[in-house]
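Enquirer: Would you be able to build a 3D model of this:
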Amino acid sequence: MTRRSQERRRRRCSTVRPAGYIPRVRLDQVSDQWWKNAVIYCLDAETFLDTDGDGVGDLVGVARQVDYLAGLGVTCLWLMPFQPTPNQDDGYDVSDYYGVDPRLGTLGDFVELVRTATNRGLRVVLDIVPNHTSDQHPWFQDARAGRDAPHRDWYVWRDEPSSQPEGLSFPGRETSNWAHDKASGQYYLHRFYSFQPDLNIENDAVREEIARIMGFWLALGISGFRIDAVPALLDKAGLPDASDGDPRAWLRDLRQFVTRRRGDAMLLGEVNVDPQQLSQYFGDHGDMLHMELAFLLNQHLWLALARGRAEPLEMLIRTLPSLSPDSSWATFLRNHDELTLDKLTLGQRQEIFDAFGPDPDMQLYGHGLRRRAASMLGGDGPRLRLAWSLLFALPGTPIVFYGDEIGMGENPAIEDRYAVRSPMQWSADRHGGFTTAKEPVRPITDGDFGPEHVNVHDQRRDPDSLLHFLQHLILSRRERPEFGWGSVTLIESEAPSLLCHRCDWQGSTVVAVHNLADAEAQATLELGADACAVDDVLVGGRAFDVDEDGRLDVRLDAYGYLWLLVRRDGDRRLT
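Expert: Below is the predicted model:
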């Protein structure tokens with residue numbers, strides 16, 4: 001580019017918005033759909049902070065750390081189940097949908113937590129488990145009392161087990177989806193563990209009760225629900241008296257109900273299905289679930305990390321269904337369950353096993369890993385930070401699992417998928433500062449990822465820590481609503497390790513470039529003829545010139561990443 005053309009481009013760009021500019025938005029749209037630009041933090045009160053010294057975390061402990069969470073920059077708390085439970089499945093076997101497990105506190109403690117979070121600008125969403133109850137729930141205890149019991153039809157019974165539904169959620173732990181109940185002499189359906197009998201969602205009384213439960217918690221100030229096991233909830237296989245209607249119609253009714261009770265309430269569904277089925281749960285017009293957990297995106301993200309190539313993610317992004325303005329993905333690097341790889345081929349799954357979990361003890365159910373992100377990616381370093389940057393730049397709303405912001409590792413001594421649910425590590429003190437009890441509810445992680453090496457206290461005082469990096473990343477993501485609201489377009493690159501995409505929204509464009517390989521990579525990005533310069537979003541004050549044809553040459557180190565705000569000719573909007 002000649003000196004004259006460079007000067008001409010500088011003059012054209014001199015009146016455009018500064019690097020920190022945030023586009024004007026419709027305030028009514030943003031407030032109603034707050035979840036599109038949210039950052040969600042998932043935690044279990046049982047393992048977060050113990051305040052009464054009994055070894056078990058509690059709701060008071062969560063409330064006490066709300067300021068820490070607000071300082072981290074997250075905008076929404078997702079509380080894993082805290083209702084009364086026999087606790088055979090970490091609270092997902094609920095025995096009372098209207099209460100609080102006495103170990104964790106009281107309803108008063110819950111209301112105080114919601115009030116405290118709201119005062120700090122954080123919303124609260126709850127796990128709801130409508131597919132099944134505990135076998136200790138009073139409904140099931142009544143149902144098994146006899147075939148004429150009032151709650152008998154709230155569950156699914158047969159004289160003989162059948163082959164429906166097909167497949168097991170926990171192979172090796174369960175051998176059938178039907179369990180024999182000696183008290184009533186029949187078999188009952190359970191798509192998960194045998195101590196979790198399925199509710200009969202075809203029963204209108206059950207549907208009304210689920211709506212009543214949701215209305216109860218909405219009245220206490222929450223902003224929505226994460227709905228457990230949505231495909232299983234709506235699956236009619238095995239139901240003896242299933243109607244001919246579309247079971248998804250009830251999901252639409254449920255959305256209408258929660259919207260009437262609270263206009264900005266959000267429904268986040270656990271939906272892990274094939275790509276062609278995903279849109280079914282959003283609805284034809286985006287009138288069912290507001291968000292779905294992006295399991296396919298997550299599985300292909302880990303495949304891309306294992307290969308050091310962008311192709312798996314690029315192919316998946318191209319096959320994802322187009323979403324309505326009222327729908328979005330919820331993205332995550334790791335969640336509270338096993339890292340499921342069930343939608344990948346056996347060969348692809350093995351690639352991830354080889355890269356991130358070669359020891360059989362690290363694997364689970366033949367299709368998952370029971371490891372946290374930090375331990376899989378070698379601890380805090382360029383590769384882990386690349387993965388976090390990539391997650392926050394992908395289309396959708398990012399979720400952070402508690403402890404991942406400091407790089408906690410799993411505890412393999414804890415059985416099953418609960419290895420990733422060890423207590424939070426607040427300090428290098430005994431039991432990581434989680435409890436003063438002699439023994440915590442679960443063993444604390446030890447070794448290189450133990451609290452003497454990984455804890456909140458030390459990282460808050462270290463400006464180069466992973467905690468500070470995540471805090472900066474979260475705030476940068478919140479300042480760039482293009483990622484949550486915009487349309488996504490992949491940008492072609494000759495470098496196979498580079499994932500390049502742009503997000504466009506209300507005339508503003510952000511471009512993200514990530515190098516998944518352990519070697520330097522470079523590319524020329526086609527940004528459009530009207531692009532005149534770009535600003536680095538993550539590193540303030542750094543700008544790059546674009547040539548006359550709207551092209552930008554970028555060079556990234558191993559595991560490097562860039563977020564770039566595109567400046568255009570003639571754009572004179574001011575802050």
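
Enquirer: Let me see the contact set for the closest residue to L303 other than its chain neighbours.
Expert: Leaving aside its chain neighbours, L303 sits nearest to P312 (4.2 Å; criterion: Cβ to Cβ, 6 or more residues apart in numbering). Backbone N, C-alpha and C define where each C-beta goes, glycine included. Neighbour list for P312: H300, L301, L303, A304, Q348 [criterion: Cβ atoms under 8 Å, 6 or more residues apart in numbering].

Enquirer: okay if I get those residues as TSV plus pLDDT and secondary structure?
Expert: Formatted as TSV, these follow (pLDDT from 0 to 100; DSSP: H, G, I helix; E, B strand; the rest coil):
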residue	pLDDT	secondary structure
H300	98	helix
L301	98	helix
L303	98	helix
A304	98	helix
Q348	98	helix
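
Enquirer: Which one of those residues is nearest to V456?
Expert: L301 (26.2 Å; Cβ to Cβ).

Enquirer: where's the residue nearest to L303, which helix or strand?
Expert: Using DSSP states H and E, P312 sits within helix 311-319.

Enquirer: Now that helix: buried residues?
Expert: P312, L313, E314, L316, I317 (16 or more other Cβ atoms under 10 Å).

Enquirer: And the furthest pair within these?
Expert: P312 and I317 (9.8 Å).

Enquirer: where does the stretch 401-550 of the chain dip in pLDDT?
Expert: 540-541 (pLDDT under 70).

Enquirer: just the helices in it please.
Expert: Counting by DSSP state H, counting those that start in this stretch, the stretch 401-550 of the chain has helices at residues 456-460, 466-478, 482-485.

Enquirer: With mean neighbour count and distance to L189 as extra columns, can I get these in TSV?
Expert: Below are the helices of the stretch 401-550 of the chain laid out as TSV (neighbours: other Cβ atoms under 10 Å; distance: least, Cβ to Cβ, whole Å):
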stretch	mean neighbour count	distance to L189
helix 456-460	18	43
helix 466-478	20	42
helix 482-485	24	39
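
Enquirer: so where's this protein uncertain?
Expert: In the chain (pLDDT under 70), the answer is 1-31, 238, 240-244, 540-541, 569-575.

Enquirer: Quick check: T116 vs K182, distance?
Expert: Distance, T116 to K182, by Cβ to Cβ, to the nearest Å: 47 Å.

Enquirer: hmm, back to that, strand partners (parallel or antiparallel) of whatever helix or strand comes next after the helix holding P312?
Expert: Next in sequence after helix 311-319, counting helices and strands by DSSP H and E, comes strand 328-332. Under the criterion DSSP bridges, strand 328-332 sits next to strand 291-293 (parallel), strand 397-401 (parallel) in its sheet.

Enquirer: TSV for those strands, including mean neighbour count and distance to Q363?
Expert: Putting the strands paired with strand 328-332 into TSV (neighbours: other Cβ under 10 Å; distance: least, Cβ to Cβ, whole Å) gives the following:
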stretch	mean neighbour count	distance to Q363
strand 291-293	25	21
strand 397-401	25	19
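
Enquirer: Can you say which of those strands is nearest to Y561?
Expert: Of the strands paired with strand 328-332, nearest to Y561 by Cβ to Cβ is strand 397-401, at 14.6 Å.
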